[in-house]
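S.K.: Everything below, folded, please.
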Amino acid sequence: MAFRKPHEIAQVTIDSGTYKAAMPVKNMLILGFLGGAFIAIGYLLDIRVIANLPHEWGTFGTFLGASVFPLGLILILLAGGELLTGNMTAISMASLAKKVKMKMLLKNWFWITLSNFVGALFVAYFFGHIVGLTETGPYLEKTVSVAGAKLDAGFWAAFISGIGCNWLVGLAVWLSYGASDMTGKVLAIWFPIMGFVAIGFQHVVANMFVIPAAIFAGYYSWGEYFTNFVPVYLGNAVGGGVFVALIYWMSYKDTIKRQAEQPENEFSKASAKKRAIR
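M.R.: Okay, here's the model as predicted:
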């Protein structure tokens, strides 16, 4: 499986972030809806797999659920979709490279947040509530217990958990940009996403599914959800924007600038050919 070197991944990430920030609002809304729905479907699959497992299986059941959750990001990055937490890495790096203005970054984050929420809510309401996939027997118990555990976290615990989560999600996006074929991309996405789910970190878009699913079932309130949304959102922004985008930009900015001054070298030619990879 072919792969790019880290400084090449940095350039692809900048190109991707630049493209995402310039996307028309209509496209952001459509692809953002898909992104939220895909993450929710991955979470729904996780719940359906683990809810009825024997209690004696312990953390092995957690691992099984974490193993299927990456379906969501795989669909987003390979089939097409926009995910807030991925954009917190890609557009942040493009902004650091002065390819994207802060106004464009905030505009993208706003519309992708909104459309991710609508997509996740769609799955929670129609598949979880109307169809009953999160409201019967052990599936209801698991949905409510997972949502409750997230809501029980204090502000700083949720914030720091959000950092850990998007550090790994940002790395999944980063590694997927480094792979040149579909198999490589799937593996690049799978390991970090499986890791954050198995650890139990909080992901703002995943929470857009599981907490509303519990609310639709008659548990908790939208006010409680909001107190979770804010710290997890901020933590995810730090995880993707600082622990991935800023750190790698500081590490490779000089190499990228040198390469930009030599437009005919092999790196620039290869990068130009592959900028369509988002």
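
S.K.: Would you map the helices across the stretch 151-278 of the chain?
M.R.: 155-178, 182-199, 204-216, 222-240, 247-260, 266-273 (DSSP state H, counting those that start in this stretch).

S.K.: Now tabulate the ones you listed in CSV and tack on mean pLDDT.
M.R.: Shown next, in CSV, are the helices of the stretch 151-278 of the chain (pLDDT from 0 to 100):
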stretch, mean pLDDT
helix 155-178, 99
helix 182-199, 98
helix 204-216, 99
helix 222-240, 99
helix 247-260, 93
helix 266-273, 51
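
S.K.: now the nearest residue to residue 91 once chain neighbours are set aside: how far from residue 245?
M.R.: In space, and not counting its chain neighbours, residue 91 is closest to residue 17: 4.2 Å by Cβ to Cβ, 6 or more residues apart in numbering. Every residue, glycine included, has its C-beta placed from N, CA and C. Distance, residue 17 to residue 245, using Cβ to Cβ, to the nearest Å: 8 Å.

S.K.: and if you look at residue 99?
M.R.: 12 Å.

S.K.: Which one's more surrounded, the two?
M.R.: residue 245 (27 against 17; other Cβ atoms under 10 Å).

S.K.: Which pLDDT value belongs to that one?
M.R.: Residue 245 carries a pLDDT score of 99 in this model.

S.K.: Likewise for residue 113?
M.R.: pLDDT, residue 113: 99.

S.K.: One more: residue 262?
M.R.: 77.

S.K.: what number of residues lie near it?
M.R.: Neighbours around residue 262, by other Cβ under 10 Å: 10.

S.K.: Distance of it relative to residue 130?
M.R.: Distance from residue 262 to residue 130, by Cβ to Cβ: 58 Å.

S.K.: tally of neighbours for the closest residue to residue 117 other than its chain neighbours?
M.R.: Nearest residue to residue 117, sequence neighbours excluded (Cβ to Cβ, 6+ apart): residue 208, at 5.1 Å. Counted with other Cβ under 10 Å, residues neighbouring residue 208 total 27.

S.K.: So for the longest helix belonging to the chain, what gets flagged as buried?
M.R.: Using DSSP state H, we find that the single longest helix of the chain is helix 25-50. The neighbour-count check on helix 25-50 (16 or more other Cβ atoms under 10 Å) flags 28-50 as buried.

S.K.: Now do that helix against helix 182-199, angle only.
M.R.: In terms of direction (axes from the mean of the first three to the mean of the last three Cα atoms, to 10 degrees), helix 25-50 departs from helix 182-199 by 60 degrees.

S.K.: Quick one: distance of helix 25-50 to the chain centre.
M.R.: The chain centre lies 10 Å from the centre of helix 25-50; the measure is Cα atoms, centre = their mean, to the nearest Å.

S.K.: just checking, what packs against it?
M.R.: helix 59-68, helix 71-74, helix 102-122, helix 137-152, helix 204-216 (3 or more Cβ pairs under 8 Å, 6 or more residues apart in numbering; DSSP states H and E).

S.K.: Out of those, which is the most enclosed?
M.R.: helix 204-216 (a mean of 26; mean count of other Cβ atoms under 10 Å).

S.K.: Just the C-alphas of it, formatted as CSV.
M.R.: What follows is helix 204-216, C-alpha atoms only, in CSV (Å, rounded to 0.1, in the frame of the first residue of the first chain):
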residue,chain,number,x,y,z
VAL,A,204,-19.5,16.2,19.8
VAL,A,205,-21.2,14.7,16.7
ALA,A,206,-21.6,11.2,18.1
ASN,A,207,-23.2,12.8,21.1
MET,A,208,-25.6,14.6,18.8
PHE,A,209,-27.0,11.1,18.2
VAL,A,210,-26.9,9.2,21.5
ILE,A,211,-28.0,11.9,23.9
PRO,A,212,-31.0,13.0,21.7
ALA,A,213,-31.9,9.3,21.3
ALA,A,214,-32.2,9.0,25.0
ILE,A,215,-34.2,12.3,25.2
PHE,A,216,-36.6,11.0,22.6
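
S.K.: All set now, cheers.
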